[in-house]
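Visitor: Below: sequence and its predicted model.
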Amino acid sequence: MTEPAYVTDTRTAYDTVADAYAEAARDALATSPWDRAMLGTFAELLGETGPVADLGCGPGQVTGHLASLGLDVFGVDLSPGMVSVARAAYPELRFEVGSMTALELEDGSLAGALAWYSLIHTPPERLPALVAELARVLAPGGRLLTAFQVGDERRHISQGYGHEVSFDAYRLQPDFVVDLFAAAGLTLEARLVREPREPEKVPQAYLLGRKPAQRPR
C-alpha cells in the first residue's frame, strides 16, 4: 500500500532536523512546570501497571523523563534519525521505528500511551482512525495522554532548526480531540488548557483519557 504523502514528508523533515531538534529540546521540560505536572500525574496514575509507549517520541527526552518517574516505558517514532538520536542519548531504554497509524503492538498490550505533540502532523480527517489505533493497544483501564497547540489552522513548515523542510502541522481544538477520544471508546479524565508562554504563540492543551475497565461477568 502506498504511504500517504504527509507521512513521508513528516519522516523526511524529522530525519533532517533530528540532531538540531534534540539539542533544542534537551532542556524543554526543565523550563515547563505544566508539562512536568501533567507527565507526573500520568506517571503517578499508571504506577507499575504495565508497559507504556511514548508514541512520536522524537529524541527521547520525554521517554527518559517518564523512565525517571518509574515507568516501564519505551519510545516509538516515525523518523529513523530521531530514533538513532534517542538510542544514543538513552542507551538503557528501548526505541523503535514505527508509525502511530499501524502500531506493531498487540491489542490491549499497554497500560499507557503518550502522544506528546505527535498528533499534530496528521490531517484532522485522518485522526479518528489514529486515535482508534491508540485506543486499540490500551489495556482495559489504560490511559492516553496527549498534548497539542490549540487552534483551527494548518501550518506549512518550510524552515526548522536551521534546515529547509517541507511538512504540515495542525493546531486542534480540545473539543474536537475530546470527541475523538469518545468515538474511540475513551473516557475523558482530565482537560487542561493553559495560556502561551514565550516563545509559544497560542494556548496549549493537555487531555487525559482512560479506556474503561472490563466489568466482571
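Guide: Ah, there it is.
Visitor: what does the longest helix along the chain contact?
Guide: Secondary structure of the chain per DSSP state H: the longest helix is helix 5-25. Helix 5-25 is contacted from outside by 58-59, 61, 77-82, 84-85, 89, 99, 101, 121-123, 157, 160-168, using CB atoms under 8 Å, 6 or more residues apart in numbering. Heads up, the C-betas are built off the backbone N, CA and C, glycines and all.
Visitor: swap the cut-off to 7 Å and go again
Guide: Residues outside helix 5-25 that contact it (CB atoms under 7 Å, 6 or more residues apart in numbering): 58-59, 61, 78-82, 85, 89, 99, 121, 123, 160-163, 165-168.
Visitor: And stretch 162-169, by the same measure?
Guide: 6, 9-10, 13, 16-17, 20, 120-121, 154-159.
Visitor: same check, this time on stretch 66-76
Guide: 39-40, 43, 46, 50-55, 57, 60, 63, 86, 93-96, 98.
Visitor: go on, stretch 27-41?
Guide: With CB under 7 Å, 6+ apart, stretch 27-41 has contacts from 61-62, 65-66, 69, 145, 192, 194, 206.
Visitor: now those residues in JSON lines, with pLDDT, neighbour count and secondary structure?
Guide: Output for these, formatted as JSON lines (pLDDT from 0 to 100; neighbours: other CB atoms under 10 Å; DSSP: H, G, I helix; E, B strand; the rest coil):
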{"residue": "61", "pLDDT": "97", "neighbour count": "22", "secondary structure": "helix"}
{"residue": "62", "pLDDT": "98", "neighbour count": "24", "secondary structure": "helix"}
{"residue": "65", "pLDDT": "98", "neighbour count": "20", "secondary structure": "helix"}
{"residue": "66", "pLDDT": "98", "neighbour count": "25", "secondary structure": "helix"}
{"residue": "69", "pLDDT": "97", "neighbour count": "16", "secondary structure": "coil"}
{"residue": "145", "pLDDT": "98", "neighbour count": "23", "secondary structure": "strand"}
{"residue": "192", "pLDDT": "98", "neighbour count": "15", "secondary structure": "strand"}
{"residue": "194", "pLDDT": "98", "neighbour count": "15", "secondary structure": "strand"}
{"residue": "206", "pLDDT": "98", "neighbour count": "22", "secondary structure": "strand"}
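Visitor: which ones are touching the spatially most central residue of the chain?
Guide: Closest residue to the average C-alpha location of the chain: residue 115 at 1.9 Å, with CA atoms, centre = their mean. By CB under 7 Å, 6+ apart, the contact set of residue 115 is 55-56, 134, 144, 146.
Visitor: farthest-separated two in those residues?
Guide: 56 and 144 (12.5 Å; CB to CB).
Visitor: before we move on, back to that, can you give me the buried ones in the helix or strand following the longest helix of the chain?
Guide: Next along the chain after helix 5-25, taking DSSP states H and E as the criterion, comes helix 33-46. Buried residues in helix 33-46, counted by 16 or more other CB atoms under 10 Å: 35, 38-39, 41-43, 45-46.
Visitor: which one of those is nearest residue 183?
Guide: residue 42 (21.8 Å).
Visitor: OK, contacts around the closest one?
Guide: The neighbourhood of residue 42, defined by CB under 7 Å, 6+ apart, consists of 112, 143, 145, 208.
Visitor: one more time with 8 Å, if that's ok
Guide: Neighbours of residue 42 in contact, by CB under 8 Å, 6+ apart: 66, 112, 114, 143, 145, 208.
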